[in-house]
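**Q** Quick one, structure for this:
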Amino acid sequence: MKTLRMTWALVLAGGDGTRLAALTRDGFGNQVPKQFCSLSGGQALVHDAVQRARYVAPRERTCVIVAEQHQRYWKRQLWALGTRNVIKQPRNCGTAIGILLAVLHIVRRDPMARIVFLPADHHVRDEAALGLSLREAVTLVTDAYNDLILVGIEPEGADSDLGYIVPGASREDGARGIARFVEKPDSELARKLLASGAVWNSFIFAGAAATLLDLLRESIPRIVDDVSSALAGDARHTDGLALHNLYAKLPSVDFSRSVLEGAESRLRLLTVPACGWTDLGTPSRVAAALHKLNSGSTATSRPRNIAVPGFLSLAEQTSRFMLARA
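**A** Model prediction:
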């Protein structure tokens, strides 16, 4: 596929996973970020996301953004990518700044890059179905260079733990515009949103690097300039202190609230048919995913021949959590 030759994939793995803290403490009391756990004893979620990226980008154009304080986890999980493709933040300052840092790194290597963004805390039952839609998103980016393509998931129920995208008008390319976002509605509103054709917001999206930087400059222009200057300074000096010093002063900025909301005219929606997608943001969502995963099988133990298993099994942690509450 010719359009894939300029495509990069970026896995977002820099979060702390605080909403899942009840399930992600190891035997020593350390909180393991959920992206470095497995769902049911296999490889870590971040590794699932890296494999998902292969639908649109080869390994040499697959990057992961991580937080430096999680090194004990990502160094073991991501060694095969090589140090150049593991982008390290001095600390987690929210999704907007993490995306900015990663895009600036990729642009230095490929100014014409098109990037597919994949969160590292998803579980997908039908990876092939999602993979086909990721390829379609890349094609849409090629045809609509100045827009971002947001991937929505056809809902399998009215879920109050998820965000929703309300579609706008249809476009000639098969995508739709975006009317508005609704974050974690109550049960009644979630049912109304489903009846109106809303889809789950997966936070999977694709766009040209130049478009991403343009949208970020509109929202956080000073931070874009400061991060760009710090990277340029660190390129001239080997101590790498400019970015560290800057990050110590940066606020936390959320990409959805600060960049996407209000930019609906620059966004297009691509809907993926129901594919067993879920994020694993809360204990209840983990429990629901495990219930579906095991509906045809009672096996939740670690599969054999996993080269680098996750640090914790969320299935085992959920069982312990439920026993402790009983």
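**Q** Let me see the ranges of the helices in the stretch 51-200 of the chain.
**A** Along the stretch 51-200 of the chain, the stretches classed as helices by DSSP state H, counting those that start in this stretch are 71-77, 95-109, 127-143, 187-195.
**Q** Distance of the residue nearest the centre of the chain relative to residue 14?
**A** With distances taken as Cα atoms, centre = their mean, residue 119 lies nearest the centre of the chain, 1.4 Å away. In this structure, residue 119 and residue 14 are 10 Å apart, going by Cβ to Cβ, to the nearest Å. (C-beta placed from N, C-alpha, C; glycine too.)
**Q** sorry, back to before: bridging residues for the residue nearest to the centre of the chain?
**A** Beta-bridge partners of residue 119, counted by DSSP bridges, are residue 12.
**Q** Surely it touches residue 280?
**A** No - counting by Cβ atoms under 8 Å, residue 280 is not a contact partner of residue 119; they are 9.8 Å apart.
**Q** still on that earlier bit, now the residue nearest to the centre of the chain: how far from residue 228?
**A** 25 Å.
**Q** and if you look at residue 309?
**A** Residue 309 sits 38 Å away from residue 228, going by Cβ to Cβ.
**Q** Check residue 256 too.
**A** In this view, residue 256 and residue 228 are 23 Å apart by Cβ to Cβ.
**Q** Ok, residue 215 next?
**A** Separation of residue 215 from residue 228 (Cβ to Cβ): 15 Å.
**Q** okay, the two: which has more neighbours?
**A** Between residue 215 and residue 228, residue 215 has the larger neighbour count (other Cβ atoms under 10 Å), namely 22 against 16.
**Q** Just the residues contacting the helix or strand of the chain with the lowest mean pLDDT, thanks.
**A** Every helix and strand of the chain was ranked by mean pLDDT, DSSP states H and E. The lowest is helix 314-325, at a mean of 84. Outside helix 314-325, the residues within contact range by Cβ atoms under 8 Å, 6 or more residues apart in numbering are 22-24, 34, 37-41, 280, 283, 286-287, 290, 300.
**Q** can we see that at 6 Å?
**A** Helix 314-325 has contacts (Cβ atoms under 6 Å, 6 or more residues apart in numbering) with 23, 37, 39, 40, 286, 287, 290, 300.
**Q** Show me the shaky parts of this protein.
**A** By pLDDT under 70, the low-scoring segments of the chain are 1-3, 296-307, 326.
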